[in-house]
Every structure is written in C-alpha cells, then in structure tokens.
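Here is the input, now give the coordinates:
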Amino acid sequence: MTDALPNPPLRLVRSFLSLSGAEVISKALMLVTFAFVARIAGPSGFGYLEFASSVVLCGGFLVDQGFGVYGAREIARSPGSTVRLVSEVTSLRLVLAAAVYAGLVVFTLVVDRPAEVDLLILLYGLGLFFIPFMLQWVFQGRDRMGVVAMMQIVRTGVFAVAVFALLRESGGLWPVAIGELSGAAAVVIMSIWLYRSQLGLRIPMKFLLTSRPLRAGSTIGLGQLLWSLRMYGAIIVMGFVASEADVGFFGAAMRIAIGLNAFVWLYFFNLLPSMSRTWHQEPDSFQRLMGRSIRTSGWLAVGGGIVWVLLAPVVIRLAYGGAFMPATATLQWMSGLCILGAIHGNFRFGLIAAEHQRYATASAGLGTLIALVSIPFAYTRWGLSGAALALIAGEIAVWISSFLFSRRLLGLDGPLRNLGRPVVAGAVLLGLLWSLPQATPALARFGVTLIGLGVALYASEDRFREEIARRLWR
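Numbering: from 1, shown residues only. Alright, predicted model coming up:
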C-alpha cells in the first residue's frame, strides 16, 4: 500500500506546520499543567517530581532503543514491510520494558531517597509498558504527520485533564504520574485504531524477536539515550549534589528548555524521511536539501535564541510564579541548548539518514560525557548558571564532532558557509541590543529583534525577498 505524495517541498512545509501546531498546543497544555503542579508543590516538591520523572524518562529511552526512528526509516523505503516491523519492534520493546522496570525497582531499593520519590518512580515506571504499543513511528514513515500530531495532542490533553482533576494540595504528587499513564494509554488505543482503520493493516499477534532491528535500532537508540542522559541525567546529577530547591529551579528551567527543544526535534523528525530517500536515490538533491536546511535552521536558531533570552523572566514568572524567579538566569543560559541543537541536528540526522548512525552516537556520547562530568564542578563554582554552562559545553562538543564526521562521510558542500549570513545577522543584532539603554523595556527589545531579523532576512536571502515581492504583487 503506497501513498501519493504532493510536491516534496510543499509536503515538508505542511508536515512541519502540522507537527508544530500540535506541539504548540501540547506544550501550552504541559506548561499550564506543570505551572499548576509547581505552585502546589513548591520548589522542593517540584524537585522531587523532576528527579523521579527524569529517572523514568532515561529508562524510557532504553525501551525505545531508537526503534521508532529505525522503523520510520525502513517504512519510508519499503511500506510493504510495515507489519513485520511492527511485530519486531513491539516484541523487543516489551522485553526491554520488563527489564528496565525491574531496574527501577532495584534503584528505589538501593538509592536513599524520600518515600514519595520512590512511589513516583514506580508509578511513572508503569508507563514503560505502554511504549511498545505506541505506533507514531509507523505513520511518520508513511509521511502521515497529521496523525502523529493528533496523537500528541490527545496524550497531553488526557494528561492535563487527569492532573487538574486529581491533584490536591494535601494529597501528594501521585496524580501527576497517574495523568502520565492515562495519556500514554490514550495514545495506545488511538494508535491501534488508526493503524487498522487508516492503513488497513492487521495487528500482528506473533512475538517476533530478531537481531536486525536490534543491531540498527540500538545504535540509533544509543544516540537518543545519550541525549536523554545529557538532559534528564543532568537533573539526576543535580539531585545528588544540590539542594532540593535548586533541583526544583533547575528542573523548572530544564522543562521549558526541553519543551522548546521539541520544535528543533520536530524539524528534523519531519525532515528525516526526505533525507533518507534523497541520500539513497538522489545524491544531488540530498546536498541541496542539507544546504537549505542548515541555512534555515541557522536563521531559526539565531532569532529564537535572542527572543528566548528576552522573554525568559516573563515566562518564569507567568509559568511558575515569583517563588521560581531564581531559575531565570538558568533558563536564559539554556537557550544555547536549542541554538546549538538546531545546528548540529542537521549533521546528526544526516548521518542517521545515510546509515552512519554510529558516528552520530559517538558525537552524542562525547557531549554527554563532557556535560555530566562537568556539572558537579560547574555547579559548585557558579551555581545554577554553572550547571547550565556545563550542558552548553556538551552541546558544543556534539556540534564540532558531528560536523567533522558529516563533512567526511556525507561530502557536504561548504556546510559552514550556509551559517555565515545568520551568524553575522545575529552578531549585529546582539550588538544593537547591547547598545540600547539598560532601562529599555523588554517589549521594545523584542520589537527591535523582530524588525532586525526581518530586515536581515530581506537583505541577505534572495528567496525570501522574491517571495515577499511575489506576495505584494498578488
């Protein structure tokens, strides 16, 4: 069964807008929900929740093992292999879910944490058994991003409703874990229903363990696991070296940063099938696709990073309240995570599309090692901002190493040249903002940023200028 695809550039834009729209709705729901949770729990209680959820999320990446990316890549090449891949991936994930949950039980017995944290870990951990039956990756491989977007909205919507209905000031934080389980169950039900009704495929009942997806998927999954360890592992490390309040502040900033980083991931999630097809079928198109992507992500990174820093104080106050204002500087520093991720994502996903995932994994491993080793020292020396700087150091390592690997293995044509214009425009804009009087309102700085970016795009990008002229003529 094959799907007729519209004009590829238009399809990519439509898919990205669909995913982005869903992500905006989902992240807005998550922000409102966790703002509600933070105000009830306070910094220390929120620190407990962030520590527990980070431990389980790291386990979740072990269960996923990159099989979703692997399966989407294989389905994009050969849609007829869908049923076999679903059977293989589901079987492997079930085995891994049982093993990881057993590990979480041991973790709660060995590590000396409050009883409430242990309960949260064990409740959150039950969600691992839903992961095998989540089939978003099947629809990704068939370029049905609207379905993927709808599943994301359903999951966060069910989570939010459950938390608001169950969480009370004196009842503990267990309703947050129940909300997570409810959202995951809703996605499983929706996945199976749409798999049968839209794709017309049977649900494979055979337990099928093979080495093929394990070999390829685990390599990709290791890269995802290392990213997970770099982000969520940072909260776990902070849980052992910092006060509960500082863990709460750091986790609050990290939650926003990871939420915004989802848009970076969505951009490459949407682009991966096209990267894979053009690498194997149209090498020249692959080079053009990568060049356009590097330049586009450069502009998005520069503009988004500056706006992020300007709005961080407002976002922290609105989201969590005045008690969490010490997290502001940490959130501002964390803008560097998304800026660098938007750049090195081109190289990492390009390597994955070209089946050089072990090099993408090596880059992720280097960045994770540098970040996690640096956090205790940087936190001791510079506090919360130092912990954020340690994460940025890890992202810089990923950028440099993935660039060097992709330059050699993918033969990219002058990838850094495509970043020249966005970087120069960003430097000029930062200089302009720096020269403004210190009393200049944040809203005025925001306006200067938007106008400056618009002028820079119009002056330096021919396609943008031509599109503006065409629309004005119409």
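
Roughly how far does residue 416 sit from residue 298?
Separation of residue 416 from residue 298 (Cβ to Cβ, to the nearest Å) stands at 10 Å. C-beta: built from backbone N, CA, C; applies to glycine.

more neighbours, these two?
Higher neighbour count among residue 416 and residue 298: residue 298, with 23 against 13, using other Cβ atoms under 10 Å.

residues touching that one, list them.
342, 343, 418, 419, 421, 422, 423 (Cβ atoms under 8 Å, 6 or more residues apart in numbering).

tell me the pLDDT at it?
Per-residue pLDDT puts residue 298 at 88.

for the helix or strand harbouring residue 347, packing partners?
For residue 347, the host element (DSSP states H and E) is helix 335-353. With contacts taken as 3 or more Cβ pairs under 8 Å, 6 or more residues apart in numbering; DSSP states H and E, helix 335-353 sits against helix 67-77, helix 211-241, helix 244-281, helix 283-320, helix 357-409.

Any chance of CSV for the ones you listed, columns distance to residue 97?
Shown next, in CSV, are the helices and strands packed on helix 335-353 (distance: least, Cβ to Cβ, whole Å):
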stretch, distance to residue 97
helix 67-77, 12
helix 211-241, 14
helix 244-281, 22
helix 283-320, 32
helix 357-409, 22
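
Out of those helices, which gets nearest to residue 191?
helix 67-77 (11.7 Å; Cβ to Cβ).

Now do the closest one, average pLDDT.
78.

related to what we said a few turns ago, and of the helices and strands packed on helix 335-353, who's closest to residue 334?
Each of the helices and strands packed on helix 335-353 has some distance to residue 334 by Cβ to Cβ; the shortest is helix 244-281, at 4.0 Å.

Just give me the neighbour total for residue 388.
Quick note: residue 388 (other Cβ under 10 Å) scores 28 neighbours.

right, I mislabeled it, should have said residue 355
With other Cβ under 10 Å as criterion, residue 355 counts 15.

mind checking how far the spatially closest residue to residue 233 that is not a sequence neighbour is from residue 434?
Among residues not flanking residue 233 along the chain, residue 372 sits closest, at 5.7 Å (Cβ to Cβ, 6 or more residues apart in numbering). For residue 372, the distance to residue 434 equals 33 Å [Cβ to Cβ].

So for the two, which sits in the more crowded spot?
More crowded of residue 372 and residue 434, by other Cβ under 10 Å: residue 372, with 18 against 7.

got the contact list for that one?
229, 230, 233, 234, 237, 394.

Kindly report the same for residue 155.
So residue 155 contacts 26, 183, 184, 186, 187 (Cβ under 8 Å, 6+ apart).

on that earlier part again, which of the helices and strands packed on helix 335-353 sits closest to residue 203?
Of all the helices and strands packed on helix 335-353, helix 67-77 comes closest under Cβ to Cβ, at 15.4 Å.

pLDDT score for residue 469?
pLDDT, residue 469: 54.

scratch that, residue 408
You'll see residue 408 listed with a pLDDT of 87.

Residue 343 now?
Value for residue 343, per-residue pLDDT: 91.

so it touches residue 297, yeah?
Yes - with contact defined as Cβ atoms under 8 Å, residue 343 reaches residue 297; the gap is 6.3 Å.
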